[in-house]
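Chemist: pasted the sequence and its predicted model underneath.
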Amino acid sequence: MLSRTANSIYWMARSLERAENLTRLLDVSHNMSLMPNSKGGQQELLAPLTITGRLDQFRECYPQLNAETLLEFFLFDESNEGSIFSCIQSARDNAHSVRDKLSSEAWESINATWLELRHRRQRGISHEGAKSLIDWIKQRSHEFRGAAYGTMLHNNVFHFMRLGTFIERADNTARILRVKLEVMESQHNSNHAIDFYQWNALLQSLGAYEAYHVKYTGGLSTRNVTELLILSAELPRSLRYCIGSLMSQLTAIEGDQGLAAKRLCAELQARLEYGEVDFITHFGLHDYLNDLLRRIHTIGEEIHRSYWEGA
């Protein structure tokens, strides 16, 4: 496979995963900002901007931060390269450049999503409401994933696609967990009801709410949420699951390239597989997440160096 083909497949998948992750984050932040105890919801509205590193760009484009301006910035603003509109456009452009490598159902799914998104953008958020639009984007992401998984050969094209999905998902889980912890620490008080809703919001943003209540009995706790989102071998958005899947895809790709990426990924996989929540707590959750993010970023750089530059 040509390196530019692998690159397009990889970034198509990363862009789609980024769009879905953003919809989950916007959904929860918007809902949390409407809570009576949120005091205007500024901390909740700031979270997506902090996680994506786009706070400065937002402030340059919008005079004030509220639910409406945040949704416009992240849903449809073409000047924001990290908006859902831009992510879907990037995913579609990359898919178009490797259309012959995709199944017809996978291509039609992503192309139809792009065409419909442009139409919905023209109508505006108020036409159908933010919640309906966010749910539609998540549904379209699931449909593409199902079409690709069920109709494409599980060869190198497929493995590079899954590589993009899982490295983006791992990065997103670590960033959301880190920023949500900072928000909760900044608002920490004796009001356990606020903590309860914050933990619920965090789990919902990562699609882990039901899984938590299946795995754990009793109330929500920092220890259990940390264990689930970092160390679970079963939760599809936990860091251990994502890094394990990343390693599987790297191993499945044919050829001698990517040895350094495999080594770095194997080290991180072992760290998570044999990790313990007590060690993470003792180490400091914030510092532990910073270290994980650094390692994930390094793996991404090595993938780039091995498969695109070194090909």
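Modeler: Structure received.

Chemist: quick one: the helices in the stretch 51-200 of the chain, in order.
Modeler: Ranges of helices in the stretch 51-200 of the chain, per DSSP state H, counting those that start in this stretch, are 55-61, 67-75, 84-97, 104-123, 125-128, 130-151, 156-186, 192-205.

Chemist: and residue 200, what's its pLDDT?
Modeler: In the predicted model, residue 200 carries a pLDDT score of 83.

Chemist: test my guess that it contacts residue 213.
Modeler: No: if you go by CB atoms under 8 Å, residue 200 and residue 213 don't touch, sitting 10.1 Å apart. For glycine as for every other residue, the C-beta is placed from the backbone atoms N, C-alpha and C.

Chemist: who's more crowded, those two?
Modeler: Taking other CB atoms under 10 Å, residue 200 and residue 213 do not tie; residue 200 has more neighbours (16 against 12).

Chemist: helices and strands of this protein: which one has the lowest mean pLDDT?
Modeler: In the chain, no helix or strand scores lower on mean pLDDT, DSSP states H and E than helix 192-205, which sits at a mean of 75.

Chemist: now for whatever helix or strand comes next after that helix, which elements pack on it?
Modeler: Scanning forward in sequence from helix 192-205 by DSSP states H and E, the next helix or strand is helix 209-215. Contacts defined by 3 or more CB pairs under 8 Å, 6 or more residues apart in numbering; DSSP states H and E place helix 209-215 against helix 192-205, helix 222-226.

Chemist: what's the average pLDDT for helix 209-215?
Modeler: The predicted model assigns helix 209-215 a mean pLDDT of 94.

Chemist: dump the residue contacts of the nearest residue in space to residue 259 that is not next to it in sequence.
Modeler: Using CB to CB, 6 or more residues apart in numbering and skipping the chain neighbours, the partner closest in space to residue 259 is residue 306 (7.5 Å). Applying CB atoms under 8 Å, 6 or more residues apart in numbering to residue 306 gives the contacts 257-261.

Chemist: what is the nearest of these to residue 88?
Modeler: residue 261 (27.3 Å; CB to CB).

Chemist: surely the closest one is in contact with residue 296?
Modeler: No: with contact defined as CB under 8 Å, residue 261 does not reach residue 296; the gap is 11.5 Å.

Chemist: rewinding a little: report the buried members of the contacts of residue 306.
Modeler: 257-258, 260-261 (16 or more other CB atoms under 10 Å).

Chemist: what is the burial count for residue 96?
Modeler: 15.

Chemist: if I look at the closest residue to it other than its chain neighbours, how far off is residue 18?
Modeler: Excluding its sequence neighbours, the residue lying closest to residue 96 (CB to CB, 6+ apart) is residue 111, at 7.7 Å. Here the criterion is CB to CB, to the nearest Å. By it, residue 111 lies 18 Å from residue 18.

Chemist: and these two? which has more neighbours close in?
Modeler: Neighbours were tallied for residue 111 and for residue 18 using other CB under 10 Å; the higher tally belongs to residue 18 (25 against 15).
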